[in-house]
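Q: A structural model of the following input is requested.
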Amino acid sequence: MGLEAVAAVSKGARIEPGEGREGRAGELTYEQEKAEMEGLPRTRPEQQQRQRQQQQQQQQQQEEEERAAVRELGAAQALPRMRAKMQGRVRIRRLKEFASERLPGGSTLRDLILTEEDELAPEEFLAKMDLWLKMFRREFLRCQAEGIGT
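A: Model prediction:
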């Protein structure tokens, strides 16, 4: 709305359809002008699409970093080792059964757990469990975002 229109409204003039908040045909509203000046998208769907793209890029980058760390260093060395006062070896047979029964078939986490040995050293188990929990969280959030039931 231009200055003339503001002055006319303050004197009691009526605003014609198409001259209100939306602006006249071909004109931008104040919010749209501000968004354009700041380099932001003009509409809410554009903002949502931009946010989704940013989230997907961040998620892909995280996944790539995790895969690279596992490939280069091995799962036990990819994360800081945690100390434990445990002796012997940790049996993960029940964890493997749980993974095969409860996790979806295409799950990276499921495949990773099922390829492990039945017994692991305590430090190795703790390092891998940390990695598995991070992967589980990421897959859980992805399922929520995609609307897949868990």
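Q: And this protein, what are its domain boundaries?
A: 3-38, 59-146 (automatic domain parsing).
Q: can you tell me which of those the model trusts least?
A: Note on the domains of the chain: domain 3-38 shows the lowest mean pLDDT, a mean of 60.
Q: Distance of Q58 relative to R138?
A: 11 Å (Cβ to Cβ, to the nearest Å). Just so you know, the C-beta spots here come from the backbone N, C-alpha and C atoms, and that holds for glycine as well.
Q: ugh, wrong one, Q61
A: 12 Å.
Q: The two: which has the busier surroundings?
A: Between Q61 and R138, counting by other Cβ atoms under 10 Å, R138 is the more crowded of the two (16 against 10).
Q: List the residues that contact that one.
A: 59, 62-63 (Cβ atoms under 8 Å, 6 or more residues apart in numbering).
Q: and it, which of the three is it?
A: helix (DSSP: H, G, I helix; E, B strand; the rest coil).
Q: Report all helices and strands that the lengthiest helix in the chain contacts.
A: In the chain, taking DSSP state H as the definition, the longest helix is helix 44-73. Packed against helix 44-73 by the contact rule (3 or more Cβ pairs under 8 Å, 6 or more residues apart in numbering; DSSP states H and E) you find helix 75-78, helix 122-146.
Q: okay if I get the ones you listed as CSV plus distance to S100?
A: Listed next are the helices and strands packed on helix 44-73 as CSV, based on distance: least, Cβ to Cβ, whole Å:
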stretch, distance to S100
helix 75-78, 19
helix 122-146, 14
